[in-house]
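S.K.: sequence and predicted model, in that order:
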Amino acid sequence: MEIKKVLVSQPKPSNDKSPYYDIGDKYGVEVVFRPFIKVEGLTAKEFRQQRISIPEYTAIIFTAKAAIDAFFHICEEMRITIPDTMKYFCTTEPIALYLQKYTVYRKRKIFHGTTGKLDDPALVQALNKNVKEKFLYAVSDVYKDEVCPLDKTNIKYTKAVMYRTVSNDFEKDEPFDYDVLLFFSHAGIDSLLKNFPDVKQRGIYIGCFGESTVKAAIEAGLNVDFQAPNPKTPSMTAALDLFLQEHVSSKEEESK
């Protein structure tokens, strides 16, 4: 099957410098960004059901920009004033910089890692240097880690669900003419099956990022054609590039 159109189930980049566009130009395929899922912050009423008092905490841990939006929205709705002494710990620098939308960025109160993981050495070091703080960890409703990396640190923390992941449903007249689908979460696979329950019969190639995403696809009866990260393809763009390269090569062999 000739590949003409690739769907990346993530929000469209703010500029045209995404490596996905470079791959599209390289192989002559159209790349479309269209999330299968979207994030919604909890309402104050929903958050109160967890019986968590935000003013009791002196530090908060963020792993996503959506968590930051949800946290400050909840605080605004509940009329909670965040003290200047609040400390913030983020898994990446972009997430940390996003805090500028809501608070003055000061290195003395904002810390971040570099790998995007909770067990990032720099982040762990910062957390362990602040063991006297009372930490709140902002998570989504699909948080499923049985063993949280934070348990290996010396801090005391409380998980607080602040946002949910829901299906970003397709409109009835919205075209679905993709040859390759790229997924990055379990929720994305769930949304695919909700919108297109017969997709497994369509002969579409599927690429997945992360073991949990691969597992969800296989459990749903889908065939995973390529995945990342791994030693050969550490990123989804690298995996897509290699897949298209091999696909083109196979087509050229068949035409000989």
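M.R.: That came in fine, so what should we check first? Remember, it's a predicted structure, so these values are computed and weren't measured experimentally. Residues are numbered from 1 along each chain as shown.

S.K.: can you point out the buried residues in the helix ranked longest in the chain?
M.R.: Scanning the chain for the longest helix, with DSSP state H as the assignment, gives helix 236-255. The neighbour-count check on helix 236-255 (16 or more other Cβ atoms under 10 Å) flags M236, T237, A238, A239, L240, D241, F243, L244, H247 as buried. Just so you know, the C-beta spots here come from the backbone N, C-alpha and C atoms, and that holds for glycine as well.

S.K.: check contacts around the last one.
M.R.: Right, the one you point to is H247. By Cβ atoms under 8 Å, 6 or more residues apart in numbering, H247 lies in contact with I3.

S.K.: swap in the first one?
M.R.: With contacts defined as Cβ under 8 Å, 6+ apart, the neighbours of M236 are L182, F184, G207, F209, A228.

S.K.: which among the residues you listed end up buried?
M.R.: L182, F184, G207, F209, A228.

S.K.: now, which of the residues you listed sits nearest T158?
M.R.: Nearest to T158 among the buried ones among the contacts of M236, counting by Cβ to Cβ, is F184 at 27.3 Å.

S.K.: so that closest one touches S212, yeah?
M.R.: No. The pair F184 and S212 fails to qualify as a contact (Cβ atoms under 8 Å) at a distance of 10.0 Å.

S.K.: quick check: neighbours shared by these two?
M.R.: With Cβ under 8 Å, 6+ apart, F184 and S212 have no common neighbours.

S.K.: re earlier: of the buried residues of helix 236-255, closest to A138?
M.R.: Nearest member of these to A138, counting by Cβ to Cβ, is M236, at 25.2 Å.

S.K.: any idea how far Q100 is from the closest one?
M.R.: Distance, M236 to Q100, using Cβ to Cβ, to the nearest Å: 28 Å.

S.K.: how about P11?
M.R.: Taking Cβ to Cβ, one finds P11 at 20 Å from Q100.

S.K.: which parts of this protein are helices?
M.R.: Using DSSP H, helices in the chain cover 19-27, 44-48, 65-77, 93-98, 121-128, 186-195, 211-219, 236-255.

S.K.: what residues are up against K38?
M.R.: So K38 contacts T165, V166, S167, N168 (Cβ under 8 Å, 6+ apart).

S.K.: for the residue lying closest to the third one once chain neighbours are set aside, grab the count of nearby residues.
M.R.: Same thing as S167. Distances taken as Cβ to Cβ, 6 or more residues apart in numbering place S191 nearest to S167, at 4.0 Å, with adjacent residues excluded. Neighbours of S191 under the rule other Cβ atoms under 10 Å: 23.

S.K.: residues in contact with S191?
M.R.: So S191 contacts F36, I37, S167, N168, D169 (Cβ under 8 Å, 6+ apart).
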